[in-house]
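Chemist: Got a predicted structure plus its sequence, pasted below:
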Amino acid sequence: MPETSRRGLLFGTAAISAGAFLTACTSNEKKDEPAANDEPAADDKPGKPVTIGFAGPQADHGWLNAINDNARNQAKKYSDVTLDITEGSNDTAAQIGQIDALINKKVDVLVILPADGKALTQAGLKAMRAGIPVINLDRIFADPQAFRCYVGGDNYGMGVNAGNYIGEKLKDKAGATVIELSGPDSLELTKQRTQGFDDALANYPNIKKVARQAADFTVESGQAKMAQLLQAQSKFDALWNHDDDQGVGALRAIDQAGRDGFLMVGGAGAKSAMDAIKADNSVLKATVLYPPIMASSAIDLARALGQGKGVSGMAGLEIPAQVTLFSAVVDKTNIDEYLPQGFS
Amino acid sequence: MKQPASEAQQGGPDAAPAADAAPVPLTKPAGKTPGGSGSRPPLGLRLDFRTLSLLGVLAVLIIVGGATKPDAFLATSNLQLVLTQASIIGVVTVGMTFVITSGGIDLSVGAIVALASVWATTLATQEYGFAGILFTAIIVGLACGLVNGVLIAYGGMAPFIATLAIMASARGLALLITEGNTQIVTLKSVLDLAARDSYILGIPPLVIIFAVVTVVGWLLLNRTTFGRRTIAVGGNAEATRLAGIDVRRQRLYLYLFSGLCCGIAAFMLIVLSGSGQNTNGNLYELDAIAAAIIGGTLLSGGRGTIVGSVLGVLIFTTITNIFALNNLQSDVQQIAKGAIIVAAVLVQSRTARHGEA
């Protein structure tokens, strides 16, 4: 008996202390968080109060997270804007339900980032018919009648800009070779990015794309696929990686294989990638943005729409019907301007 | 009575004395299970037909790889790469093999790897350094395994349902901790473990961990009472219970072991990828189950082989490697992978039937 209880006591204590330790280990708070970039919005004075409903997918990776944060922060800058943001969902049915709820609440403007653009077209149409203008963010509805204004990134342009950037760097090198680490092939945006990249490279006859592998936007897959690419290609001059999140893994693989002597360009614009570009101590020299700041623009446009105004800097009395953000290439020369936009 | 009262309640009146004191009858049910590694092999590996056919498949793959890309495929660096890429899923598969051998299934392995890797890479954990990360990954793995085990062994839930539930909640918890962000590991001591400089006699440390887990798993399954009991529970749980073995406690231990393997795998993944992400370990459960089944472990339980599982993992990793080296895209890769699974299992069951006839 005493034997057992002593053992029990030992295991009990160990389990409790392990539990206490683990509970203390869930925190991701940085010790010295620098003050957030909170400059006042360069915009006109408070006007008519506007309630903006925001429905997005589940923020399960950095970029979507940044979308939500940007929307929230932008709304906070205006005293006349109330943001009604739903719990994100990747389930089409659940997102339709959330949009219905926002319609019933009679918000003034809806900003919708659909989990699946085509599948949520009906929800957009319903809101428009109920007299609530819809700003369709990033993933476009199948029917233009389902939105008043579309705000999104340019996946094709992202590929084009990556291709041209690499092309300009390698244009004087005869027989240059390029490899591509793409996102998941199951997504349309991956095809668009690859198409843009190929089309831009076609401008440079001296450059040949010799290999392409698809990772799936995760660090783990980025590491695995990059390790294979490095094994397959003993020498190449440039690499375009579609996504900075998987790029963390790709950089690990490059580091582990001890490889350098080529130019790496990333995609999306994560903070970790921007930090690496600024530090300039790895093969990563540039990244092509797919800016989550589009969520801030969507809030600006929604506010203007709600107040019946145009956008300052544009002559129109109304906001435009479509806004496609430019996928800028960020490298050492302009990194300081873009660093605050980097997302983690 | 040496055992506490609760023990007797759990395993029936005769369970307590038999569990620790009578190893002799425990070898019996194992000896009766058909073929495979259940019967006590002589010292060293007994190459049965299943293992031979797996080695044959692997040999064919190596010939294909060597013929299509001789320079890249046959390099030492590629051997290191294939083994490293096999090591993480390999460790998970060893745990899975035990669970399947006992007639169970663990669908939560991928989610546990994700949760453990995320929990062990929070900024708070990273402050405790190398040991803090290793400890957290393993304890989180064990804790998840404990929950699985208690739900299945004592809660009477079907393994499929219980581990499906844990799969969902562990992924959810991982997402809650990361808030969708990628947690980057900055500790050099952890990252260096995957660096070329830390290879021991040309063998990456991750591969050494995989080898140790494999050897421990093989010994555990083939040379200990624990292994005999596992096979017995999978062969006929009721008969095993009547033979005086505490079946429920055995099941608890098995899911704990699988959780432990996931914890180790999570640590290895942190080392390799230098990060923790809630998407880690995606579809590990299916990869591990497929490797175990191809290896010759019976999905219905009662027969398990660690050697087969490891060969199964190596076959999958080699296929992926050959495809990537030949620059085949993911659509072709997936189709061919499915075809090769079918072919491998067909060849294997045929050879096995001929061998036993």
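Modeler: In hand now; what should we look at? Numbers count the residues shown, from 1 in each chain, chains lettered A, B, ... in the order given.

Chemist: only C-alpha atoms for contact and neighbour calcs from this point on.
Modeler: Fine.

Chemist: quick one: residue A:151 and residue A:137 touch, right?
Modeler: Yes. Counting by C-alpha atoms under 8 Å, residue A:151 touches residue A:137, with 5.0 Å between them.

Chemist: Spit out the residues that contact the two alike.
Modeler: Taking C-alpha atoms under 8 Å, 6 or more residues apart in numbering or on different chains as the criterion, residue A:151 and residue A:137 both touch A:294, A:298.

Chemist: Show me what from the stretch 151-300 of chain B comes close to chain A.
Modeler: B:175, B:177-182, B:194-196, B:269, B:272-275, B:277-280 (C-alpha under 8 Å from any C-alpha of the partner chain).

Chemist: Looking at these, which are in helices?
Modeler: Within those, residues falling in helices by DSSP state H are B:175, B:177-178, B:269, B:272-273.

Chemist: In PyMOL, how would I select just the buried ones from those?
Modeler: Here is the PyMOL selection string for the buried members of these, based on 16 or more other C-alpha atoms under 10 Å in any protein chain shown:
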select buried, chain B and resi 175+177+178+269+272+273
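
Chemist: Out of the ones in helices among the residues of the stretch 151-300 of chain B next to chain A, the closest to chain A would be?
Modeler: Proximity of those to chain A, judged by C-alpha to the nearest C-alpha, is greatest for residue B:273, which lies at 5.3 Å.

Chemist: And the pLDDT at that closest one?
Modeler: Reported pLDDT at residue B:273 in the predicted model: 93.

Chemist: Looks like it contacts residue A:226 (just checking).
Modeler: No. The pair residue B:273 / residue A:226 is not scored as a contact, 11.2 Å apart, by C-alpha under 8 Å.

Chemist: and for these two, which residues touch both?
Modeler: Joint contacts of residue B:273 and residue A:226 (C-alpha under 8 Å, 6+ apart) are A:249, A:253.

Chemist: So which residues of the stretch 251-357 of chain B form strands?
Modeler: Taking DSSP state E, counting those that start in this stretch to define them, one finds strands in the stretch 251-357 of chain B at B:275-276.

Chemist: Would you pull up the residue in it closest to chain A?
Modeler: Chain A sits closest to residue B:325 of the stretch 251-357 of chain B, with a gap of 4.7 Å, by C-alpha to the nearest C-alpha.

Chemist: Just the pLDDT at the nearest residue to that residue once chain neighbours are set aside, thanks.
Modeler: Spatial nearest neighbour of residue B:325, chain neighbours left out: residue A:232 (4.7 Å); criterion: C-alpha to C-alpha, 6 or more residues apart in numbering or on different chains. We have a pLDDT of 94 for residue A:232.

Chemist: Now do the contacts for the residue of the stretch 251-357 of chain B closest to chain A.
Modeler: Per C-alpha under 8 Å, 6+ apart, neighbours of residue B:325: A:228-229, A:231-232, B:69, B:72-73.

Chemist: Please determine how far it is located from residue A:218.
Modeler: 21 Å (C-alpha to C-alpha, to the nearest Å).

Chemist: which residue ranges form the strands in chain A?
Modeler: Under the criterion DSSP state E, strands of chain A are mapped to A:50-55, A:81-85, A:109-112, A:134-137, A:149-152, A:176-182, A:207-214, A:238-241, A:263-268, A:284-289, A:322-324, A:329-331.

Chemist: and what of the stretch 101-250 of chain B?
Modeler: Going by DSSP E, counting those that start in this stretch, the stretch 101-250 of chain B shows strands at B:183-184.

Chemist: Can you tell me which residue of it sits closest to chain A?
Modeler: Of all residues in the stretch 101-250 of chain B, residue B:180 sits closest to chain A, at 4.2 Å by C-alpha to the nearest C-alpha.

Chemist: count of neighbours near that residue?
Modeler: By the criterion of other C-alpha atoms under 10 Å in any protein chain shown, residue B:180 has 22 neighbours.

Chemist: gap between the residue nearest to residue A:174 when sequence neighbours are not counted and residue B:102?
Modeler: Leaving aside its sequence neighbours, residue A:174 sits nearest to residue A:206 (C-alpha to C-alpha, 6+ apart; 5.6 Å). Residue A:206 sits at a distance of 60 Å from residue B:102 (criterion: C-alpha to C-alpha).

Chemist: more neighbours, these two?
Modeler: residue B:102 (30 against 16).

Chemist: quick one: contacts for that one?
Modeler: By C-alpha under 8 Å, 6+ apart, the contact list for residue B:102 reads B:230-235, B:251, B:301-302.

Chemist: Would you format those residues as JSON lines with neighbour count and pLDDT included?
Modeler: Formatted as JSON lines, the contacts of residue B:102 follow (neighbours: other C-alpha atoms under 10 Å in any protein chain shown; pLDDT from 0 to 100):
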{"residue": "B:230", "neighbour count": "31", "pLDDT": "95"}
{"residue": "B:231", "neighbour count": "32", "pLDDT": "95"}
{"residue": "B:232", "neighbour count": "33", "pLDDT": "95"}
{"residue": "B:233", "neighbour count": "28", "pLDDT": "95"}
{"residue": "B:234", "neighbour count": "29", "pLDDT": "94"}
{"residue": "B:235", "neighbour count": "24", "pLDDT": "92"}
{"residue": "B:251", "neighbour count": "26", "pLDDT": "96"}
{"residue": "B:301", "neighbour count": "24", "pLDDT": "89"}
{"residue": "B:302", "neighbour count": "27", "pLDDT": "90"}
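
Chemist: will you turn these into a markdown table that also has distance to residue A:210?
Modeler: Shown next, in a markdown table, are the contacts of residue B:102 (distance: C-alpha to C-alpha, whole Å):
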| residue | distance to residue A:210 |
| --- | --- |
| B:230 | 50 |
| B:231 | 50 |
| B:232 | 54 |
| B:233 | 53 |
| B:234 | 50 |
| B:235 | 52 |
| B:251 | 51 |
| B:301 | 47 |
| B:302 | 49 |
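
Chemist: my guess is residue A:209 contacts residue A:181, does it?
Modeler: No. With contacts counted by C-alpha under 8 Å, residue A:209 stays clear of residue A:181, the gap being 11.3 Å.

Chemist: neighbour-wise, which of the two wins?
Modeler: Ranked by neighbour count (other C-alpha under 10 Å), residue A:209 and residue A:181 place residue A:181 first, with 25 against 17.

Chemist: Excluding sequence neighbours, find me the nearest residue to that one.
Modeler: Residue nearest to residue A:181 in three dimensions, not counting chain neighbours: residue A:241, with 4.7 Å by C-alpha to C-alpha, 6+ apart.

Chemist: Okay, now the unreliable bits of chain B?
Modeler: Of all residues in chain B, those with pLDDT under 70 make up the ranges B:1-47, B:344, B:347-348, B:351-357.

Chemist: 50 - rerun?
Modeler: B:1-39, B:41-44, B:357 (pLDDT under 50).

Chemist: Now the spatially most central residue of it: closest residue in space, sequence neighbours ignored.
Modeler: For chain B, the residue nearest the mean C-alpha position is residue B:93 (2.1 Å; C-alpha atoms, centre = their mean). Setting aside the residues directly before and after it, residue B:93 is nearest to residue B:288 in space (C-alpha to C-alpha, 6+ apart), at 4.7 Å.
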